[in-house]
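Engineer: Coordinates for the following, if possible.
(one chain, ligands or ions: 2)
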Amino acid sequence: MKLTPLSSEESIFSNIDSLSPDFVPKILPFRENEQKEIALALQPLLNGTSGRNLFIYGKAGVGKTHAVKRVLEELAEHGLLSIFVNCWTHAESENIIGAIAKQLSIIGDSTLEKIKARLTMPCAFVFDEIDQAKSLDFLYAILEEIKTKAVVLISNKKDFIAGIDERIRSRLLAEHIEFRDYKEDEIRAILAERRKYAFYEGTWHKEAIALLEEKTIERNDIRFGLALMKNSGLNAEREASRIVFRKHVEEALEKLS
Ligand SMILES: Nc1ncnc2c1ncn2[C@@H]1O[C@H](COP(=O)(O)OP(=O)(O)OP(=O)(O)O)[C@@H](O)[C@H]1O
Ligand SMILES: [Mg+2]
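Structural biologist: Ligands and ions are numbered 1, 2, ... in the order given. Model prediction:
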């Protein structure tokens, strides 16, 4: 069967945005238990008391950031206030305090005093990529100064907590939640679900799917798999192909390091 070429108005993608790194899927399969644990630790904040502090760890691309973001979105519907700071983009303590102030719409100098004054309800503070923070002075200040809260730290360094100043560790007393690696079948299922979401039905040849799965399993990184999926689709579109073939995945692989 010969397919007519894809016209410039057509696309094999039904939702290409769902393959962008910022897209947070509504459901994260295989992370239900972790999300439940996170939600349970934060729930007391909705009743006006402090939550439990968490240290979330696991390798790159195992869904830590997105699982936490989903829980925050869900609890926000019940009125949870949360602050989310990426400590890679804001590494210095003063930048982190600045990022918190900005999220609270504080104008002018950002100080912990102003943040305290602005917080009229319990707050969940999430510090993603915490191992990238240049100093933990901001964390000490938050643990000391802010009364009703929960602090969530996310890292891919399992032993990060063990290495921090004792004074912070003993104030934090974080519960550890491990995001274990996905099993091969889980990786396949996650990729299949996102493919259904991002592409029209019947647009992927089974050999292309097999190669996508094989390479994602090899790398053990869903983020890599999603980028490979997107670039393979774009390669197919560039050739006006209605189907993503194995060669489109191969071409995408050559360019993805
Ligand atoms: N269970 C899942 N279901 C659907 N998508 C997932 C799942 N786990 C991870 N992903 C997707 O994989 C990508 C990486 O996830 P995320 O950014 O949460 O990883 P991470 O653990 O925070 O990695 P890093 O340590 O590198 O920051 C995201 O696009 C996310 O949507
Ligand atoms: Mg992350």
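Engineer: Count residues in the vicinity of E92, would you?
Structural biologist: When neighbours are defined as other CB atoms under 10 Å, E92 has 14 of them. C-beta: built from backbone N, CA, C; applies to glycine.
Engineer: How much space separates it from ligand 1?
Structural biologist: Applying CB to the nearest ligand atom, to the nearest Å, the value for E92 to ligand 1 is 20 Å.
Engineer: my read: that residue touches Q132, true?
Structural biologist: No: contact criterion CB atoms under 8 Å: E92 and Q132 do not qualify, at 10.7 Å.
Engineer: buried set for stretch 243-257?
Structural biologist: By 16 or more other CB atoms under 10 Å, the buried positions in stretch 243-257 come out as 244-249, 251-252.
Engineer: Could I get these in a markdown table, plus columns for pLDDT?
Structural biologist: Output for those, formatted as a markdown table (pLDDT from 0 to 100):
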| residue | pLDDT |
| --- | --- |
| V244 | 98 |
| F245 | 98 |
| R246 | 98 |
| K247 | 98 |
| H248 | 98 |
| V249 | 98 |
| E251 | 97 |
| A252 | 98 |
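Engineer: export these to TSV and tack on secondary structure?
Structural biologist: Conversion of these to TSV gives the following (DSSP: H, G, I helix; E, B strand; the rest coil):
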residue	secondary structure
V244	strand
F245	coil
R246	helix
K247	helix
H248	helix
V249	helix
E251	helix
A252	helix
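Engineer: quick one, domains of this protein?
Structural biologist: Here the domain assignment for the chain is 16-24+182-255, 32-178, based on automatic domain parsing.
Engineer: Could you say which one of the ones you listed comes nearest to S8?
Structural biologist: S8 lies closest, by CB to CB, to one member of these: domain 16-24+182-255, at 8.3 Å.
Engineer: Surely I243 is in contact with A236?
Structural biologist: Yes: between I243 and A236 a contact is recorded at 6.6 Å, counting by CB under 8 Å.
Engineer: For the closest residue to ligand 1 within the stretch 51-200 of the chain, list the residues it contacts.
Structural biologist: For the stretch 51-200 of the chain, the residue closest to ligand 1 is G63, as judged by CB to the nearest ligand atom, at 2.9 Å. By CB atoms under 8 Å, 6 or more residues apart in numbering, the contact list for G63 reads 28, 31, 34, 179, 222.
Engineer: that older thread, quick check: neighbours shared by I243 and A236?
Structural biologist: 12, 203.
Engineer: all strands of the stretch 151-257 of the chain, in order?
Structural biologist: For the stretch 151-257 of the chain, the strands defined by DSSP state E, counting those that start in this stretch occupy 175-178.
Engineer: and if you look at the stretch 1-150 of the chain?
Structural biologist: Listed in chain order, the strands found in the stretch 1-150 of the chain under DSSP E, counting those that start in this stretch are 54-57, 81-86, 123-128, 149-155.
Engineer: Mind putting the ones you listed into a markdown table with mean neighbour count, distance to D17 and mean pLDDT?
Structural biologist: Output for the strands of the stretch 1-150 of the chain, formatted as a markdown table (neighbours: other CB atoms under 10 Å; distance: least, CB to CB, whole Å; pLDDT from 0 to 100):
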| stretch | mean neighbour count | distance to D17 | mean pLDDT |
| --- | --- | --- | --- |
| strand 54-57 | 23 | 26 | 98 |
| strand 81-86 | 20 | 20 | 98 |
| strand 123-128 | 23 | 21 | 98 |
| strand 149-155 | 23 | 24 | 98 |
